[in-house]
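J.: Sequence first, then the predicted structure, then my questions.
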Number of protein chains: 2
Amino acid sequence: MDEHRGGHPESESGARVARRRRGVESARRPRESGVPQVKFPAILRRALKPIEPLRDDQLEDIHQASLTILEEIGIEFMGSAARALFEQAGARVDHGSGLVRIPRAVIDTALKTAPACFRLTPRNPARAIELGHDAVAFGLVAGPPNVHDCVIGRRAGNLADYQRLVSLAQCFDIIHLLGNQVTAPQELPVATRHLDCYRANVTLTDKVYHCTAIGRERALDGIDMMAISRGLTREQMVDDPGVLTIISVNSPRRFDEAMSDGLMAMAEWGQAVVVTPFTLMGAMAPVSIAAALAQQNAEALAGIALTQLTRPGSPVVYGAFTSNVDLRSGAPAFGTAENARATMAGGQLARRYNLPYRASNASASNIVDAQAAYESQMSLWSSVMGGANLVYHGAGWMEGGLTASFEKIVLDVEMLQMMAGLIQPFDTSPAELGLDAQREVPPGGHFFGAQHTLERYQHAFQQPLLSDWRSYPAWAEDGAKDATQRATAIWQQALAHFTPPPLDPAIAEALDAFVAKRREERKHASD
Amino acid sequence: MDEHRGGHPESESGARVARRRRGVESARRPRESGVPQVKFPAILRRALKPIEPLRDDQLEDIHQASLTILEEIGIEFMGSAARALFEQAGARVDHGSGLVRIPRAVIDTALKTAPACFRLTPRNPARAIELGHDAVAFGLVAGPPNVHDCVIGRRAGNLADYQRLVSLAQCFDIIHLLGNQVTAPQELPVATRHLDCYRANVTLTDKVYHCTAIGRERALDGIDMMAISRGLTREQMVDDPGVLTIISVNSPRRFDEAMSDGLMAMAEWGQAVVVTPFTLMGAMAPVSIAAALAQQNAEALAGIALTQLTRPGSPVVYGAFTSNVDLRSGAPAFGTAENARATMAGGQLARRYNLPYRASNASASNIVDAQAAYESQMSLWSSVMGGANLVYHGAGWMEGGLTASFEKIVLDVEMLQMMAGLIQPFDTSPAELGLDAQREVPPGGHFFGAQHTLERYQHAFQQPLLSDWRSYPAWAEDGAKDATQRATAIWQQALAHFTPPPLDPAIAEALDAFVAKRREERKHASD
């Protein structure tokens, strides 16, 4: 027979569970003070070995193919500063086409100085993140032009929503850092909106954030504002970094000038660079996974080499974003089987070079529904179990990255907490093995009142944020709300209880002054 | 900068993707003939090594604790036939309390004869399943008293729904077998409803099915009907099994008489037995995972030993169902971090004994929503990557197993196809590494028309069943349907196109005659 017997209300054990369900439903944890959260160590670590889908010889095949791309086919760098560095290091540079052919010796030398692991410290040192080895950090969604919630609906990104979204990120400890602009504040001037975003990041949160590295100036502004918030100079940040940027390659095999300049500005000042090829199979990369991985690897190694040519030892991360398109429509897809396989293989490549690894929590769904959840889970499992140290877009990504969703943040926070619980180490000490409890409880009995249970009652299991485990009748009577509807109430409650983290008034003043000065300076900037 | 650039319609690559989206939306694969499915080998195999959360010494700790439970604390067997077998093998039996204390030598001997891998063959040999090593089989949900779809809503299980649900299982190749009654046909007499269920299984599908092993008779009826459908005698099935059963332990540490009698009947006739302790942490098992695993292991080993004492070499599977309850309400939870961790650890235990492993795709959600999807994904990843050979309840489980859901079957089929894709081997042959495509496409170009793409266009990526990858405007214009609403249309279409698999009229007649005879014989049965 079957779980039917256990789960059916008419069966012995099922009836026992059902009785407990009915009797104590009202005792569910109250949410008066914000929202329930699961406590994890400040630096989350994966106690499980990563999944390795590639055999060693296959890993080598991809590595060798990527070296052929670098040496023979070449990578285009549109920026002359980047080309000059490569030329100086021994690469063959065609300044007309911008094509740079990079010998393996240049890559090998660069990989020698790239750190395997590093720390980024924001204004609250307790929120420092570590990238590398078995550390795992989750970031807020980055870059969507639109915003969505189930109250107002879909709209263009704007500063008010920006502020509410980063406030939400501050509410949840499992969101360890802010990515690039959580949504584009489209009503603000392009030349200075990064200043408004940084100010929101640094006043509404005390976490690590992302510098927009479109050219040098935006990157340096982000570094400077983090430095001010920490009471440091930009120079003091060089060996004690606090911010990061993503350099998305203009795949296939192209870095535009703004990208390489931004990369070099960050590396020059010792801040972290994540080099992420944007290799959508079938569009910006070949349709076969092995070929897309070879291209991803070549592009990533080229960008990583550039960080080390700029400043040997500067912190850098191997980024991966290999997914597929629908070949019938060209629509990009995320959280697919192919995406997950490529993500896990990417982790093997990063570890081959002893580099930190970045992946993403992505989905193509247009709404927070079952598809959003299963695609995100495919991304999350393959990222975390693929060995990612940085899970970018960890919370809030919807609609293939075109929309930041309030409900998706709540859904993702629940899933991130589950992933964090999943990777904790086991404890098989005699107390945890519980033989005393077995001696205490008779066959067919139950452990509700056992001493072993009472001693662990409070913290035995993770308390959910979003999941509803009530019986069907209790759930139906309470309005039969699905997870998306419940998510709305949760972010509303979190924001209603939000207080910005304390900030020294002198620092707040210095930040305001910096923003005012830079706004004036960039008033007529065209980039 | 960020994926924003790639994904944003205003960016270069984003615009390219968006153009393709708009232009070819109408070219999406038509669904006139049933539903799209991804083709996989008849026996699915996991090319990835399983996740192993326990260190070797921790695995040994749990093993040793379980032997202590077996030897010193004991397992209650309420059936005298089972006790007699254990006594004969050298166990210490207290016939008053039913307590059986099993020395490790008895377990060791039993484990020597249990096969590491075996095959079950139904009436269509092409649908044979393999259980063991790296094979993976997915089963239909089993045992819910209720049924739900989004058209009619929730109702009591009944034969008409039973027939539609097993027909749906026949529609989807990724559902490899039927579990115990997909829903209880509650309008039918308890003594004979198993006959109606078997008849539906064997006429509407040609797949392996589950025998209800509540006592000997129901089990033998299931074996006989499979034998008739294959044109074999019950004796001929002994070395060529075709059915399986789940023996859910009445945890903690109790096997009731109907269970052990059913187990023994199946083993006696060489059919497969899956021994599954029902160890809900905090209720039927201690709250700590290590203790629950020790109990699970003791109970599983006791049941497994009984199959081998009944008939050495009979096919048996190590089953796991360790999840947790909400300690505030007693409500059972599934697809939690704790559930996933226990599932992966359970796989290590099964492999320690060189036994096939069974886990489940479970969720506590009361509806097909984001919670149903993320809990099921937690279950699925931990099952498949935990090394499960049999993923029971693979499709259709809702509401903690109390309801079989039509929409959940569709959702699960999509997720099962993704898992099947995930575990395929990589190909890094020169053709797949695609250096020619890199030579063909210039930097910043695209691979849409590359020779490498055109050669692989048709089968490069898995085509989704449920996922909607269209742009937001196209999706919104088409009714803004979420995944659950789309699932309704999909199961309706699948059923509309359903044709039962061909069945020799003589066999159909023999089955009818068997059912009529057995119905008469069991008219007054009280079990």
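T.: Happy to help now that I have it.
J.: Please make it C-alpha for all contacts and neighbour counts, starting now.
T.: Noted.
J.: pLDDT weak spots in chain A?
T.: A:1-33 (pLDDT under 70).
J.: Kindly recompute the last result at 80.
T.: A:1-34 (pLDDT under 80).
J.: which residue sits farthest out from the middle of it?
T.: A:Pro442 (47.3 Å; CA atoms, centre = their mean).
J.: Chain neighbours aside, what residue packs nearest to that residue?
T.: Of all residues not flanking A:Pro442 in the chain, B:Pro252 sits nearest, at 7.6 Å (CA to CA, 6 or more residues apart in numbering or on different chains).
J.: Tell me which helix or strand the one you found sits in.
T.: For B:Pro252, there is no host helix or strand (DSSP states H and E).
J.: Which stretches in the stretch 1-150 of chain A count as helices?
T.: Ranges of helices in the stretch 1-150 of chain A, per DSSP state H, counting those that start in this stretch, are A:3-7, A:12-24, A:56-68, A:80-89, A:104-113.
J.: Quick check, the residue in the stretch 401-527 of chain A closest to chain B?
T.: A:Leu433 (4.0 Å; CA to the nearest CA).
J.: Likewise for the stretch 51-200 of chain A?
T.: Closest point on the stretch 51-200 of chain A to chain B, by CA to the nearest CA, is A:Gly143, at 4.7 Å.
J.: Any figure for the gap between that residue and A:Pro277?
T.: Going from A:Gly143 to A:Pro277 by CA to CA, to the nearest Å gives 16 Å.
J.: likewise A:Ile129?
T.: 23 Å.
J.: Run through the helices of the stretch 151-300 of chain A in chain order.
T.: A:159-171, A:193-204, A:216-230, A:234-237, A:257-268, A:289-310.
J.: Figure out how far the last one is from the centre of its chain.
T.: Right, the one you point to is helix A:289-310. Its chain's C-alpha centre and that of helix A:289-310 lie 20 Å apart, by CA atoms, centre = their mean, to the nearest Å.
J.: relative to helix A:80-89, how tilted is that helix?
T.: Angle of helix A:289-310 versus helix A:80-89, following axes from the mean of the first three to the mean of the last three CA atoms, to 10 degrees, is 90 degrees.
J.: Quick one: name whatever helix or strand follows helix A:289-310.
T.: strand A:316-319.
J.: burial count for A:Ser429?
T.: Neighbour count for A:Ser429, taken as other CA atoms under 10 Å in any protein chain shown: 13.
J.: Leaving out sequence neighbours, find the closest residue to A:His133.
T.: A:Cys117 (6.3 Å).
J.: what about the one you found, distance to A:Ile175?
T.: 20 Å.
J.: again, but for A:Asp161
T.: 18 Å.
J.: now do A:Ala302
T.: Counting by CA to CA, the gap from A:Ala302 to A:Ile175 is 30 Å.
J.: Just want the angle from whatever helix or strand A:Met418 lives in to helix A:159-171.
T.: Element membership for A:Met418, per DSSP H and E: helix A:406-422. Angle, helix A:406-422 to helix A:159-171, by the same axes, to 10 degrees: 20 degrees.
J.: quick one: contacts of the helix or strand just after helix A:406-422?
T.: Remark: after helix A:406-422, the chain's next helix or strand is helix A:430-433, criterion DSSP H and E. For helix A:430-433, contacts defined as CA atoms under 8 Å, 6 or more residues apart in numbering or on different chains pick out B:Ile62, B:Ala65, B:Ser288, B:Ile289, B:Ala290, B:Ala291, B:Ala292, B:Ala294.
J.: now the third one, nearest residue through space, not along the chain?
T.: This points to B:Ser288. A:Glu432 (5.9 Å).
J.: Tell me how far the spatially most central residue of chain A lies from A:Leu380.
T.: Geometric centre of chain A, nearest residue: A:Tyr392, 2.1 Å, by CA atoms, centre = their mean. In this view, A:Tyr392 and A:Leu380 are 10 Å apart by CA to CA.
J.: Ok, A:Leu54 next?
T.: Distance from A:Leu54 to A:Leu380, by CA to CA: 19 Å.
J.: Looking at those two, which is more packed in?
T.: A:Leu380 (26 against 23).
J.: Check the gap between the more buried one and B:Tyr374 for me.
T.: With CA to CA as the criterion, A:Leu380 and B:Tyr374 are 11 Å apart.
J.: from memory the residue of the stretch 51-200 of chain A closest to chain B sits against A:Gln181, does it?
T.: Yes: counting by CA atoms under 8 Å, A:Gly143 touches A:Gln181, with 5.2 Å between them.
J.: residues contacting the closest residue in space to A:His452 that isn't next to it in sequence?
T.: Leaving aside its chain neighbours, A:His452 sits nearest to A:Ala437 (5.9 Å; criterion: CA to CA, 6+ apart). Residues in contact with A:Ala437 (CA under 8 Å, 6+ apart) are A:Phe447, A:Ala450, A:Gln451, A:His452, B:Pro286.
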